[in-house]
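Peer 1: Please work out how this folds:
(one chain, ligands or ions: 1)
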Amino acid sequence: MSRLIVISNRVSLPKAAGAAGAQGGLAVALNSALREHRGIWFGWSGQETAEFTGHLDMQRNDGVTTATIDLEAQDVDEYYNGYANRTLWPLFHYRIDLTEYDRNFGEGYERVNERFADSVLPLIEPDDLVWVHDYHLLPLGSILRDKGVKNRMGLFLHTPWPPTRLLASLPFHERLVASMLEYDVLGFQTTEWLESFLHYVQKEMGLKVNLDNSIDYKGRRVVARAFPIGIDFTEFTEAANGEEAREAYQRLKSSVRGRKILIGVDRLDYSKGLGERFESFSRFLGEHPHMAGSAVLLQIAPPSRGDVASYQQIREDLERKTGHINGAHAEVDFVPIRYVNRGYPREQLAGFYRAANVGVVTPLRDGMNLVAKEYVAAQDPEDPGVLILSQFAGSALQLKDALLVNPHSVEHVAETIKQALDMPLAERKWRHARLLASVRDEDVQHWREQFVRALAGNDKDAGVPQTQ
Ligand code: ADQ
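Peer 2: I've put the predicted structure just below:
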């Protein structure tokens with residue numbers, strides 16, 4: 001079996017057995033893949049250094065080797081806070097109004113990708129499979145090729161891929177996309193993003209896409225496919241049934257004293273549609289005065305990317321909106337929106353999901369969205385809650401039995417909240433059973449097995465056009 005080299009912006013260390021603390025499904029899946037393949041996970045340490053040295057901090061933990069580098073403050077500014085999170089992230093989430101085009105960002109992005117390539121190069125052996133993650137590192141494969149790497153290399157993009165005319169607003173977009181064609185495998189979350197990418201290479205680059213969605217480029221064949229990411233289903237359902245989850249469940253239930261609970265769990269990001277969600281809930285309260293006071297929205301939103309102005313802005317907007325809505329609808333013994341800016345261990349999160357009658361997942365645009373899947377996995381199948389899901393989340397293509405909504409329509413979401421709260425047990429059960437089957441069968445292990453198989457080049461499905 002070939003060794004696996006995983007490369008991503010940040011590295012998530014494996015959790016020591018029995019240790020407490022949060023670890024995402026992605027980290028769990030990649031760590032288990034790395035253990036199986038005796039692999040190495042390479043990325044930025046998250047630390048800054050006065051001068052870049054390329055020194056590799058190698059650690060071995062629970063069967064997984066990690067290798068990290070420190071970056072200079074200017075790198076972090078231009079590459080991470082700049083090109084990745086001020087240019088590509090908003091553009092890839094259709095927010096051209098928030099997209100900043102700055103020459104220094106572009107240069108910083110290329111410089112850091114070069115630094116990644118130079119640092120990881122000595123670790124790559126001839127038969128290794130190289131798996132690169134996300135929008136921070138799109139040109140890394142091409143830089144490694146220039147440095148003589150002949151290995152099979154793949155890229156998985158966790159975000160959406162934008163429509164061609166939107167991407168065309170990015171200076172040097174052709175160069176960026178051409179660099180991606182040096183990978184052997186390009187993975188997207190859904191066929192929607194895949195089709196958008198294939199449209200770009202046909203219309204903007206004049207390339208031909210083969211029937212199996214592969215592209216012949218400079219004498220090599222690039223396979224482009226959808227690999228919808230899932231959650232670690234076993235780990236999450238175990239967490240939901242554990243003692244810590246039960247305590248969190250009790251704590252939340254007893255605090256609402258018989259009221260119904262709606263839950264939202266998102267990184268504080270403008271792509272997650274939190275403002276529209278709060279307004280929809282407010283409209284629901286206004287339109288159904290007899291139900292006002294009988295339901296609480298718990299929104300858990302830990303701040304992220306706080307150095308970027310648009311994130312400071314969304315945070316202020318939400319604080320103002322929460323204050324306004326609570327001021328309008330609160331009673332002496334009741335506050336309709338509980339807005340909490342912190343993270344919780346996964347076990348507690350699972351208990352909160354289980355306690356909630358409705359999961360409200362309404363991003364304006366999302367590559368996949370794992371919260372929707374976690375909510376489904378955490379429910380009691382005998383008395384499950386209802387999932388309200390944005391039609392613009394990648395997960396809506398799999399979770400078709402959720403109540404799918406247009407998150408921009410405050411009116412539609414408000415009506416759907418009413419429908420969810422009124423839904424009879426029988427309907428809740430059949431919807432949940434179908435959602436659960438999808439979340440269980442297409443879990444994160446399935447995702448990484450499919451990707452690694454395609455990366456190794458022995459994928460029997462590679463020639464089958466995708467339908468999902
Ligand atoms: P994100 O945009 O971060 O991921 P998401 O898929 O919802 O979005 O994953 C968030 C993860 O963070 C979930 O596992 C969730 O439980 C956890 N989380 C969020 N708030 C938390 C809190 N307060 N406490 C603890 N944990 C919390 C990007 C893309 C998505 C894609 C994923 C994976 O934007 O579209 O689904 O990568 O590919």
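
Peer 1: May I have the secondary structure class of the closest residue to the ligand within the stretch 51-200 of the chain?
Peer 2: Closest contact between the stretch 51-200 of the chain and the ligand, by C-beta to the nearest ligand atom, is at residue 158 (3.7 Å). In short, each C-beta sits where N, CA and C put it, glycine included. State at residue 158, reduced to three classes by DSSP: H, G, I helix; E, B strand; the rest coil: coil.

Peer 1: likewise residue 297?
Peer 2: Applying three-state DSSP: residue 297 is strand.

Peer 1: which residues touch it?
Peer 2: For residue 297, the contacting residues are 262-264, 277-278, 281, 336-338, 360, by C-beta atoms under 8 Å, 6 or more residues apart in numbering.

Peer 1: Next: residue 263.
Peer 2: By C-beta under 8 Å, 6+ apart, the contact set of residue 263 is 297-300, 352-353, 355-356, 358-360, 375.

Peer 1: Please name the nearest non-neighbouring residue to it.
Peer 2: Using C-beta to C-beta, 6 or more residues apart in numbering and skipping the chain neighbours, the partner closest in space to residue 263 is residue 356 (3.7 Å).

Peer 1: any idea of the pLDDT on the spatially most distant residue from the centre of the chain?
Peer 2: Of all residues in the chain, residue 332 has its C-alpha farthest from the mean position, at 38.5 Å, by C-alpha atoms, centre = their mean. Per-residue confidence (pLDDT) for residue 332: 90.

Peer 1: Kindly report the same for residue 21.
Peer 2: So residue 21 comes in at 46 (pLDDT).

Peer 1: The stretch 251-400 of the chain against the ligand: which residues are in contact?
Peer 2: Near the ligand, the residues belonging to the stretch 251-400 of the chain are 265-267, 300, 302, 343-344, 349, 366-371, 374 when assessed by C-beta under 6 Å from any ligand atom.

Peer 1: redo that, cut-off 5 Å
Peer 2: The stretch 251-400 of the chain has residues 265, 267, 300, 302, 343-344, 366-371 near the ligand, with proximity defined as C-beta under 5 Å from any ligand atom.

Peer 1: again, but for the stretch 101-250 of the chain
Peer 2: Counting by C-beta under 5 Å from any ligand atom, the stretch 101-250 of the chain sits next to the ligand at 158, 229.

Peer 1: Go again with 6 Å.
Peer 2: Neighbours of the ligand within the stretch 101-250 of the chain, by C-beta under 6 Å from any ligand atom: 158-159, 229.

Peer 1: now do the same end-to-end measure for stretch 235-246.
Peer 2: One end of stretch 235-246 sits 16 Å from the other (C-alpha to C-alpha, to the nearest Å).

Peer 1: Please disregard the earlier target; I meant stretch 177-196.
Peer 2: Terminal residues of stretch 177-196 are spaced 12 Å apart (C-alpha to C-alpha).

Peer 1: So, low pLDDT: which residues of the chain?
Peer 2: 14-25, 460-468 (pLDDT under 70).

Peer 1: And it, split by domain according to the record?
Peer 2: Using the TED database, the domains assigned to the chain come out as 4-230+445-456, 233-441.

Peer 1: quick one on the thing from earlier: of the contacts of residue 297, grab the buried ones for ChimeraX.
Peer 2: The ChimeraX command for the buried members of the contacts of residue 297 (criterion: 16 or more other C-beta atoms under 10 Å) is given here:
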select :262,263,264,277,278,281,336,337,338,360
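
Peer 1: Identify those among the contacts of residue 297 that sit within strands.
Peer 2: 262-264, 337-338, 360 (DSSP state E).

Peer 1: OK, contacts around the residue nearest to residue 457 when sequence neighbours are not counted?
Peer 2: Nearest residue to residue 457, sequence neighbours excluded (C-beta to C-beta, 6+ apart): residue 152, at 6.0 Å. By C-beta under 8 Å, 6+ apart, the contact list for residue 152 reads 129-130, 184-185, 455-457.

Peer 1: between the contacts of residue 263, which is closest to the ligand?
Peer 2: For these, the nearest to the ligand is residue 300 (4.3 Å; C-beta to the nearest ligand atom).

Peer 1: Narrow the contacts of residue 152 to just the buried residues.
Peer 2: Buried members of these, scored by 16+ other C-beta under 10 Å, are 129-130, 184-185, 455-456.

Peer 1: Can you tell me which of those end up in strands?
Peer 2: Residues from these lying in strands, with DSSP E as the criterion: 129-130, 185.

Peer 1: Now tabulate the residues you listed in TSV and tack on distance to residue 205.
Peer 2: Shown next, in TSV, are these (distance: C-beta to C-beta, whole Å):
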residue	distance to residue 205
129	27
130	24
185	18
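
Peer 1: wait, which of these is closest to residue 293?
Peer 2: residue 185 (53.2 Å; C-beta to C-beta).

Peer 1: quick one: contacts for the closest one?
Peer 2: Counting by C-beta under 8 Å, 6+ apart, residue 185 touches 152-155, 222-225, 451, 454-455.

Peer 1: go on, residue 394?
Peer 2: 160, 189-190, 192-193, 228, 366-369.

Peer 1: Assess the claim that residue 336 and residue 281 are in contact.
Peer 2: Yes. With contact defined as C-beta atoms under 8 Å, residue 336 and residue 281 form a contacting pair (7.1 Å).

Peer 1: what touches both of these two?
Peer 2: When contacts are counted by C-beta under 8 Å, 6+ apart, residue 336 and residue 281 are jointly contacted by 297, 325.

Peer 1: Just to check, residue 1 is in contact with residue 37?
Peer 2: Yes. With contact defined as C-beta under 8 Å, residue 1 reaches residue 37; the gap is 6.1 Å.

Peer 1: Who has more neighbours out of those two?
Peer 2: Ranked by neighbour count (other C-beta atoms under 10 Å), residue 1 and residue 37 place residue 37 first, with 19 against 10.

Peer 1: Quick one: end-to-end length of stretch 84-100, please.
Peer 2: Using C-alpha to C-alpha, the two ends of stretch 84-100 sit 10 Å apart.

Peer 1: can that stretch be found next to the ligand?
Peer 2: No. Stretch 84-100 lies out of reach of the ligand by C-beta under 6 Å from any ligand atom, never closer than 8.3 Å.

Peer 1: Would you pull up how far whichever strand or helix holds residue 132 lies from the middle of the chain?
Peer 2: Using DSSP states H and E, residue 132 maps to strand 129-133. Relative to its chain's centre, strand 129-133 lies at 17 Å (C-alpha atoms, centre = their mean, to the nearest Å).
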